[in-house]
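Visitor: I would like the atomic coordinates for the input below:
(chains A and B)
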Amino acid sequence: MNGWTGKILRVDLTRGTTSVETPGPELLRQWIGGRGLAGHYLDPFIHLPWDHPDMPLCLFAGPLTGTVAPSAGRACLASRSPLTGGFFDAQAGGRLGAQLKKAGFDGVVLTGRADKPVGLKIVDGGCALEDASGLTGLNRSRLLTALRWDGAVAATGPAAEHGARMASVWVDGRHGFQRGGLGLGWAAKNLKYVAVKGTGRVAVADPAGLKAAREDILRLTAASPYLSGGHGLSRFGSCALYDLMDARSMMPTRNFRASRFAPAPQCNAVQLARRFESAPHGCRGCHIRCGRVAADGRTLPDLDALSHFTALLDVADLDFAVQANALCLELGLDPVSTASTLACEAELNGAGPDPARFLAAIGDLGSGGRPDLAQGAAALASSLGHPESAMTVKGLELPAQDPRGAYGLALASAVSPRGGCHLGALPMSHEVLRKPVATDRFSFLGKARIIALAENAGAVGDSLVICRNLFYAASLEEYGHAFEAVTGLGGAAELFARAGERIRYRECLMNARLGFNATDDDLPERLFVAPGAVGTEPGVRPIPREAFLEARGRYYAVRGLDAQGLPTLEKARELDLLESYRRFKPEGPAGVAEGGEGGHA
Amino acid sequence: MLEELEIYARKLAAAGLCEPGAPVLGFLDDRLAFNRETPENAVLAGVFGRMGINSLLWLPLGEPYATIVDFLAGRSGGAILPRDCETRTFLHDLPVVDSFDAATLAEALSRRKSVIVRGRGVLAHGAVSPEQAFVSASSVCFACFVKFFSDYLALKREGRSDPAYEAAFHTAKSLLAPPRTVAPELAEGPFETREQALAAMDAAGKATVGLGLVDSFFGNISCNLDGVLLISQTGSSLDELPDCVDPCPLDGSSCAGLTASSELTAHQAIVALTGAGVILHGHPRFAVILSMDCDAAGCPDSARCHVDCSRPRFLGERGILAEIPVVPGEVGTGPRGLVNTLPPAMLGRRGAVVLGHGLFATGRTGFREAFDTLLTVENACREEYFRRVESFGG
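Guide: Residues are numbered from 1 along each chain as shown, chains lettered A, B, ... in the order given. You can find the predicted model right below:
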């Protein structure tokens, strides 16, 4: 088999047993890898509580992972989110995905619950569970030192052990599955780390074809101002966007009570690079190298972390932002959700910006000292009687792009299966970065279908496990050629078109099964009633509510959902997802049980 | 949306790519709409039904593009392979089909941004906006134009005979619009305010498009005003510059130029190296064609001369063409990017051509000088092109 290894490692943490599953080629072709395959393994169990022993943790690479396809060396982690309660997938860079493939596996599915903390080591087709009791309580740096592992490693920190719902899983020290609280899912299984090392090679059907596809992609990235320009990612990391977010009045400030941050020029990527003498850092197999490391070795914040630890908290202090970000990484916390929860608490308590207090609170999240904050912004705001102060969607805190400043961004954030996240549809690409062409950011015209199509493409990209940044320059057109060259399969375009829609619709089915509907596909009220920036150029007004609802209705129509945002039998049948539909509606009309999804292992 | 579709239809006709009223544009959100009713709409609707797209442009070609594209398509073997920079970077190749049916068109469009239907026109799609289809179809025309005349000159240079090509060449040549020789009045500068500079950029951009010195509507333009480089945004149409200019401090204190032209870094380097006050970059067709003409028979780099050519070259040996160097370089800032080759070539000169890409021209204070270079060089290239063809037997 080319591209895929054809092997998935199953780990039962309750029994301490492992086995190797060999899914057929049709299953792999249908769901591709990454997010698509993870959804396949999660679908039957998504109704279980996130901390149920039978709830799978799915760690997957993709068919291009471990090859020379650009920026395809990432890994996908998916499960039910402790923070949102819904299906959740996250991507991480580093070496984890490539090492997994080289070790002989397309993915790992973990179930059960160990009776004490354990680590999973995978080396060249073999694996072992090891006692990790002695590693509990260790932060990232100390755990890395204690493990003395020269392969790839993913692990949780003290925040997960103490129940923080914004707990992350860090990868190779500087990367991580940051969002959705998936680290808490690991802690619920008593899984401390997964360490992987492989020396195998991923078989490629047509090396010359892959080389040609790679050159096409590299040429496009070199021509992309955002990725490779003098102000772009490869020069300044994702914080390159910081100035632009402020210039477009899209920088969430003081818990979204404003969208411009006056001291932004003092906190931008240029200042960050100068002050901390940063050097680039990248994932395995990526030429963009968008990460930044300070001269003292600390991982510098990305855009979302920098923006939220400055503007959102109203703190114009780069030292604080870097310190807070580093502390989150050490403790295993998602910086975005952590900062947003702190901003929510500051608003509700009427507290002014106090860096020392913020740092103390972050530290407390690593020791169980702030159970109020540990549940995230939505739970915190509800507990204080002001749910409207949580700037979340489906319980996930919004990142550092204010939806009032771009309406496709608003729609994408509202309907995302992950919650407050727009990465699945990348509306920033056309609404702000003008790629592939510019669209009117203050208009919903055409955005319903644009978002749906981009979500489908994103689902394929996440299943190939390609870095989303590459989609600011290249597209599935170029990656389709890489896929065909790697796997030797033809018809990538048709395969991707169908797989993308099916993967995304199955997530609709999973979330609908968990009770999500149109009520959840919505933005915080503040964004519809309060302006982001007034008296500045450009001004940012509240999102027009009626226009938003109309656009969401059009999105539902394009997506094949009913007016309540729920999947329909007709669409499920069209997409050959009747088995998933039956799980959503077991009492459905006669005929639903017929047929079903092909390709089950 | 219908009005927006009509705008693109008018632009295509204004650029001479088709007859007025000929283009068909379709846009799909939750419902499908066309700019006009035509017999082709049913097939186009079928393409929409087979693809994850929201826009289609059907472009029946006007002359000389119909002659040029049909000739190349007839010999393509399924795909035309232009060598110009824009195609190499963004379109890769240009698929050709014979049948105007939804299944055939959708299959071709699923792999590339456009498809040529032999004898009929160009179909292009977008998943974000009709502008994508507009850009792709325009670029197909540009790429085919450059390839047609470039390959013909190479054929003649090699002394080969090809009666069919010769016939097509003479037909296309007879259908070319006459050269434009009168430059519009542009501001001389220096500019004292940002408003003055922006107005001058707007006028220069419109003039560049108006005189056909660009591929589609794209190029880039900049003006150094007191240490801030005002530069057109990436993907902006030169004839619609207001609100599409980014101010980029030359001291590097801000990344706000993230949406600026992909050639921002090259513009910055040219300003720093030459002291130029303004830069104008267009894609004048015959300058691009001449930049690809090479007499080095048997050169080992001939397949990669766009990045590997190491010979010092100029557009010609006489007059202004002898003042304009030709340098290799790909779009952007990659290791083989024009940012490395272009700025040194501009030192002490009023312009330089990036091989297979386009001409960069500078002015000390205003756009009159840069525009004059652009226009004069293009007309000289056109004259020189046909002189060379004639010298090789016509």
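
Visitor: Once you drop chain neighbours, what's closest to whichever residue of the stretch 51-200 of chain A sits closest to chain B?
Guide: Minimum separation of the stretch 51-200 of chain A from chain B (Cβ to the nearest Cβ) falls at residue A:70, amounting to 12.1 Å. (Glycine included, C-beta is placed from N, CA and C.) Leaving aside its sequence neighbours, residue A:70 sits nearest to residue A:217 (Cβ to Cβ, 6 or more residues apart in numbering or on different chains; 4.8 Å).

Visitor: name the helices or strands packed onto the helix or strand hosting the one you found?
Guide: Taking DSSP states H and E as the definition, residue A:217 sits inside helix A:207-222. Packed against helix A:207-222 by the contact rule (3 or more Cβ pairs under 8 Å, 6 or more residues apart in numbering or on different chains; DSSP states H and E) you find helix A:225-228, helix A:476-487.

Visitor: if I pick the residue nearest to residue A:70, what's in contact with it?
Guide: By Cβ atoms under 8 Å, 6 or more residues apart in numbering or on different chains, the residues touching residue A:217 are A:69, A:70, A:470, A:473, A:474, A:478, A:479, A:482.

Visitor: Out of those residues, which comes closest to chain B?
Guide: Looking across the contacts of residue A:217 and measuring by Cβ to the nearest Cβ, the closest to chain B is residue A:478, at 7.9 Å.

Visitor: Who are the contact partners of the residue minimising distance to the centre of chain A?
Guide: Compute the mean C-alpha point of chain A, and by Cα atoms, centre = their mean the closest residue is residue A:90, 3.5 Å away. Taking Cβ under 8 Å, 6+ apart as the definition of contact, the neighbours of residue A:90 are A:76, A:77, A:78, A:177, A:178, A:179, A:180, A:182.

Visitor: Those in strands, which ones?
Guide: Using DSSP state E, A:76, A:77, A:78, A:177 are the members of these that sit in strands.

Visitor: Quick check: PyMOL command selecting the buried ones in those residues.
Guide: The PyMOL command for the buried members of those (criterion: 16 or more other Cβ atoms under 10 Å in any protein chain shown) is given here:
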select buried, chain A and resi 76+77+78+177
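
Visitor: Is chain B within reach of the helix or strand of chain A with the lowest mean pLDDT?
Guide: When the helices and strands of chain A are scored by mean pLDDT, DSSP states H and E, helix A:225-228 comes last with a mean of 90. Yes - Helix A:225-228 reaches chain B (Cβ under 8 Å from any Cβ of the partner chain) through A:225, A:226, A:228.

Visitor: Pull the number of nearby residues for the first one.
Guide: Residues contacting residue A:225 under the criterion other Cβ atoms under 10 Å in any protein chain shown number 31.

Visitor: Settle this for me: it is touching residue B:260, isn't it.
Guide: Yes - with contact defined as Cβ atoms under 8 Å, residue A:225 and residue B:260 form a contacting pair (6.2 Å).

Visitor: list the residues that contact both of the two?
Guide: A:231, B:234.

Visitor: ok so, going back, any chance of the helices and strands packed on helix A:207-222 in a markdown table with distance to residue A:127 as columns?
Guide: Written out in a markdown table, the entries for the helices and strands packed on helix A:207-222 read as follows (distance: least, Cβ to Cβ, whole Å):
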| stretch | distance to residue A:127 |
| --- | --- |
| helix A:225-228 | 37 |
| helix A:476-487 | 25 |
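
Visitor: what ranges of the chain fall below the confidence cut-off?
Guide: In the absence of a named chain, chain A is used. When the per-residue scores of chain A are filtered using pLDDT under 70, the ranges that remain are A:535, A:588-601.

Visitor: ah, no, chain B please
Guide: Per-residue confidence for chain B (pLDDT under 70) gives these ranges: B:216.

Visitor: Nearest the middle, which residue of it would you pick?
Guide: residue B:215 (2.3 Å).

Visitor: nearest spatial neighbour of residue A:369, skipping sequence neighbours?
Guide: The spatially closest residue to residue A:369, leaving aside those adjacent along the chain, is residue A:363, at 7.6 Å (Cβ to Cβ, 6+ apart).

Visitor: what do you get for residue A:584?
Guide: Counting by Cβ to Cβ, 6+ apart, the nearest residue to residue A:584 once its immediate chain neighbours are dropped is residue A:513, at 4.5 Å.

Visitor: who's in contact with the one you found?
Guide: Residues counted as contacts of residue A:513 (Cβ under 8 Å, 6+ apart) are A:46, A:47, A:583, A:584.

Visitor: ok, the residue of chain A at minimum distance from chain B - how many residues close by?
Guide: Per Cβ to the nearest Cβ, the residue of chain A with the smallest distance to chain B is residue A:222, at 3.0 Å. For residue A:222, the count of nearby residues is 24 (other Cβ under 10 Å).

Visitor: That one is in contact with residue B:330, isn't it?
Guide: Yes - with the criterion set as Cβ under 8 Å, residue A:222 and residue B:330 qualify as a contacting pair; they are 6.2 Å apart.

Visitor: so where does residue B:273 fall, helix or strand?
Guide: Since the elements are taken from DSSP H and E, residue B:273 ends up inside helix B:264-274.

Visitor: Any residue of that helix touching chain A?
Guide: Yes - with Cβ under 8 Å from any Cβ as the measure, helix B:264-274 is seen reaching chain A through B:264, B:265, B:268.

Visitor: nearest to chain A, of those residues?
Guide: residue B:265 (3.9 Å).

Visitor: Helices of the stretch 151-300 of chain B, residue ranges please.
Guide: Assignment of helices within the stretch 151-300 of chain B using DSSP state H, counting those that start in this stretch yields the ranges B:163-175, B:194-210, B:264-274, B:285-291.

Visitor: Most tightly packed of those helices?
Guide: Relative to the other members of those, helix B:285-291 carries the highest mean neighbour count by mean count of other Cβ atoms under 10 Å in any protein chain shown, namely a mean of 27.

Visitor: residues in contact with it?
Guide: The set of residues that contact helix B:285-291 without belonging to it, under Cβ under 8 Å, 6+ apart, is B:84, B:142, B:145-146, B:149-150, B:153, B:212, B:315-316, B:321, B:324, B:326, B:353-359, B:377-378, B:381-382, B:384-385.

Visitor: again, only this time at 6 Å
Guide: Applying Cβ atoms under 6 Å, 6 or more residues apart in numbering or on different chains, the contact partners of helix B:285-291 are B:145-146, B:149-150, B:315, B:326, B:353, B:355, B:359, B:377-378, B:381-382, B:385.

Visitor: can I get those residues in TSV with neighbour count and secondary structure?
Guide: Shown next, in TSV, are the contacts of helix B:285-291 (neighbours: other Cβ atoms under 10 Å in any protein chain shown; DSSP: H, G, I helix; E, B strand; the rest coil):
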residue	neighbour count	secondary structure
B:145	25	helix
B:146	26	helix
B:149	27	helix
B:150	23	helix
B:315	26	coil
B:326	27	strand
B:353	28	strand
B:355	24	coil
B:359	27	strand
B:377	29	helix
B:378	24	helix
B:381	26	helix
B:382	19	helix
B:385	21	helix
